[in-house]
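>>> All I have is the shape, not the residue letters:
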């Protein structure tokens, strides 16, 4: 039950802050929507008219996924750096549940709270472009959840790095572009990326939402890769985070900024 | 009383940045804290007390030595040990300023795996006890520093642990709130049966609420004794005696001969004698000299020593050998 209360407390905090600073939340949504409009306009103006519809659908899925990846993977780094400066990080480190569980709960809280924004962003994008994608929930939910587990593994790696290095603002800026690369590059162009984080998941989501494939039509290799990536990156994330926590404890960095 | 915290031969070194030089932040520190005790952990800046506190909290791993909290080794079973200890290490900075008073209490309880329903009665109790009830829905960034400090202590209390560590609990707050916090801490120790370790530079707070102090300097324990014992050890027999008329020449000569540490100032109406006696019997000799010429005494004041003086004397190395104890 302690897990449940921990996750509940973190979701509640995230929702309270999003609601309390509603203008900020709306501004964030509008900014991401405007960037999407810019991309859409680019496709309209300079894109190949024969593939315009597919390109637009491609951008919608990729962009929404990129937004989610930024929140899940990048935001945890900013949160830790900010909490170290504020002075609340050491309180989190003193929880008998363990810090990685708190960070994991934070990731779940971020996803839960931002899921609504992601759905709004997705429907806004579809309504703006007039490109309505296939929303096969039976296929999308498991693929989406496994890709999220994959993302959380990356989030824990970033959290661990921030714990030791603290000032990783510049890296987090670069990370945005790395994530964009992983999300936007189609697997057909670079098949070797299948075992890279996020890539397989986004590819299968695209196959579902754009090409209308169902889970039954996925190959066993697709499902294996998806599962493997989720477990592999999540385990790596936890192991790396625990290692960083030990380094931070040895060097006395858990609370210092 | 059984010890609830034992610190044995604790050592921690840091490497200086861009240098191979090693700093011994904590060097062979040992002490014990007993159940229900209020212990003051003191030392000048850079003495090693924050590192010691953070090692007790499990935030820093010692190079060597052992810490047990309620019999649990905090290195082998860190998370289990943390169920017995909570802390306020950065005062009001330990709070989420964009959440309200109640939301902070609920969030930190959740982070220890407790439900809102489970802690609701405790939160009500703490809000009343800490006079925060009227501010429960106020954002923390709108509270005074004293209120924030009280909330930080309430958060630590909500963890329901046997031991609470407080780093500078009265730093930067006004006199009135400082007194309020002192009284709260005394109540917490007595009413809730908590063991409290306080690190502070405010010696009035230490003298007022701590039963015992451990003083650390240059990474080592230099004193470990009860506050009253330390005050007694440094007690001085210094008196200021005001006389209603000037001293005669004969009296001046006798007093100078008998008392090595005597100073006096005389004007046309009175004389002020300042004398440091080496034994209590000397006071009778002094009175005899004054009585012989029937010199009227107006006032006798004994100079008192406070804990700040004691602390400074210890840190400067005076009486070091007499003071180190193994408690």
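Noted; the coordinates are in hand. These numbers come from a predicted model, not from an experiment.
>>> Residue B:140 contacts residue B:102, doesn't it?
No. Under the criterion of CB atoms under 8 Å, residue B:140 makes no contact with residue B:102, lying 10.5 Å away. C-beta here means a position set from N, CA and C on the backbone, and glycine is covered the same way.
>>> State the distance from the residue of the stretch 101-250 of chain A found nearest chain B to residue B:308.
Closest residue of the stretch 101-250 of chain A to chain B, CB to the nearest CB: residue A:249 (4.4 Å). The gap separating residue A:249 from residue B:308 is 35 Å, by CB to CB, to the nearest Å.
>>> cool, residue A:41 as well?
For residue A:41 relative to residue B:308 (CB to CB), the value is 71 Å.
>>> now residue A:59
According to CB to CB, residue A:59 and residue B:308 sit 69 Å apart.
>>> what about those two, which has more around it?
residue A:59 (21 against 14; other CB atoms under 10 Å in any protein chain shown).
>>> which residues are contacting the host helix or strand of the more buried one?
According to DSSP states H and E, residue A:59 maps onto helix A:52-69. The contact list for helix A:52-69, computed with CB atoms under 8 Å, 6 or more residues apart in numbering or on different chains, reads A:32, A:35-36, A:39-40, A:43-44, A:47-48, A:111, A:114, A:117-118, A:121-122, A:125-126, A:129, A:131, A:133, A:147-148, A:151, A:179-180, A:182-184, A:186, A:198, A:202, A:205-206, A:209-210.
>>> Please state the offset of the helix or strand harbouring the residue of the stretch 101-250 of chain A closest to chain B from the chain centre?
In the assignment (DSSP H and E), residue A:249 maps to helix A:220-251. Counting by CA atoms, centre = their mean, to the nearest Å, helix A:220-251 is centred 15 Å from the centre of its parent chain.
>>> for stretch A:166-184, same thing?
12 Å.
>>> quick one: is that stretch near chain B?
No. Stretch A:166-184 lies apart from chain B when judged by CB under 8 Å from any CB of the partner chain; the minimum separation is 14.2 Å.
>>> quick one on the thing from earlier: quick check: next helix or strand after the helix holding residue A:59?
Heading C-terminal from helix A:52-69 (DSSP H and E), you reach helix A:75-86.
>>> average pLDDT across that following helix?
Averaging pLDDT along helix A:75-86 yields 85.
>>> ok, now stretch A:177-193?
Here the average pLDDT along stretch A:177-193 is 89.
>>> likewise stretch A:196-206?
When pLDDT is averaged over stretch A:196-206, the result is 92.
>>> Need the contact partners of it.
So stretch A:196-206 is in contact with A:58, A:61-62, A:65, A:69, A:140, A:143-144, A:146-147, A:150-151, A:153-154, A:179, A:182-183, A:185-187, A:193-194, A:218, A:222, A:225-226, A:229-230, A:233, going by CB under 8 Å, 6+ apart.
>>> Show the buried residues in those residues.
A:58, A:61-62, A:65, A:69, A:140, A:143-144, A:146-147, A:150-151, A:153-154, A:179, A:182-183, A:185, A:187, A:193-194, A:218, A:222, A:225-226, A:229-230, A:233 (16 or more other CB atoms under 10 Å in any protein chain shown).
>>> Please work out which residue of the stretch 201-327 of chain B is closest to chain A.
Using CB to the nearest CB, the closest approach of the stretch 201-327 of chain B to chain A is made by residue B:219 at 13.8 Å.
>>> ok, that residue - contacts?
By CB under 8 Å, 6+ apart, the neighbours of residue B:219 are B:24-27, B:29, B:47-48.
>>> Go again with 10 Å.
When contacts are counted by CB atoms under 10 Å, 6 or more residues apart in numbering or on different chains, residue B:219 touches B:10-13, B:23-29, B:43, B:46-49, B:51-52.
>>> In helices, which of those residues fall?
B:49, B:51-52 (DSSP state H).
>>> Buried subset of the residues you listed, written for PyMOL?
The PyMOL selection below is limited to those of the ones in helices among the contacts of residue B:219 classed as buried (16+ other CB under 10 Å):
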select buried, chain B and resi 49+51+52
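>>> near chain A, which of the ones in helices among the contacts of residue B:219 show up?
Filtering those for neighbours of chain A using CB under 10 Å from any CB of the partner chain leaves residue B:51.
>>> tally of neighbours for the spatially closest residue to residue B:285 that is not a sequence neighbour?
What sits nearest to residue B:285 in space, not counting adjacent residues and going by CB to CB, 6 or more residues apart in numbering or on different chains, is residue B:258, at 6.0 Å. Taking other CB under 10 Å as the criterion, the count of residues near residue B:258 is 14.
>>> just residue B:93 next, same as before
16.
>>> Residue A:75 too?
One way to gauge burial is a neighbour count; for residue A:75, by other CB under 10 Å, it gives 17.
>>> most centrally placed residue in chain A?
Computing the C-alpha centroid of chain A and ranking residues by CA atoms, centre = their mean puts residue A:69 first, at 2.3 Å.
>>> Quickly note the distance from that one to residue B:14.
37 Å.
>>> Identify the residues contacting the residue of chain A at minimum distance from chain B.
Nearest residue of chain A to chain B (CB to the nearest CB) works out as residue A:9 at 2.2 Å. Under the criterion of CB under 10 Å, 6+ apart, the neighbours of residue A:9 are A:102, A:105, A:109, B:103, B:106-116.
>>> element containing residue 5?
Going with chain A. Assigned by DSSP H and E, residue A:5 falls within helix A:2-20.
>>> try again with chain B
Counting by DSSP H and E, residue B:5 is found in strand B:3-15.
>>> and the stretch 151-300 of chain B, which of its residues are near chain A?
Taking CB under 10 Å from any CB as the measure of proximity, the stretch 151-300 of chain B contacts chain A at B:152, B:155-156, B:159, B:161, B:165.
>>> Next one, pLDDT for the residue lying closest to residue B:133 once chain neighbours are set aside please.
Residue nearest to residue B:133 in three dimensions, not counting chain neighbours: residue B:127, with 4.4 Å by CB to CB, 6+ apart. Residue B:127 is assigned a predicted lDDT (pLDDT) of 95.
>>> What's the local residue count around residue B:127?
Neighbours around residue B:127, by other CB under 10 Å: 19.
>>> mind listing what's buried in stretch B:175-191?
B:177-178, B:180-182, B:184-185, B:188-189.
>>> can you check stretch B:74-87 too?
Within stretch B:74-87, the residues that count as buried by 16+ other CB under 10 Å are B:74-75, B:78, B:81-87.
>>> Find the residue at the geometric middle of chain B.
With distances taken as CA atoms, centre = their mean, residue B:206 lies nearest the centre of chain B, 2.9 Å away.
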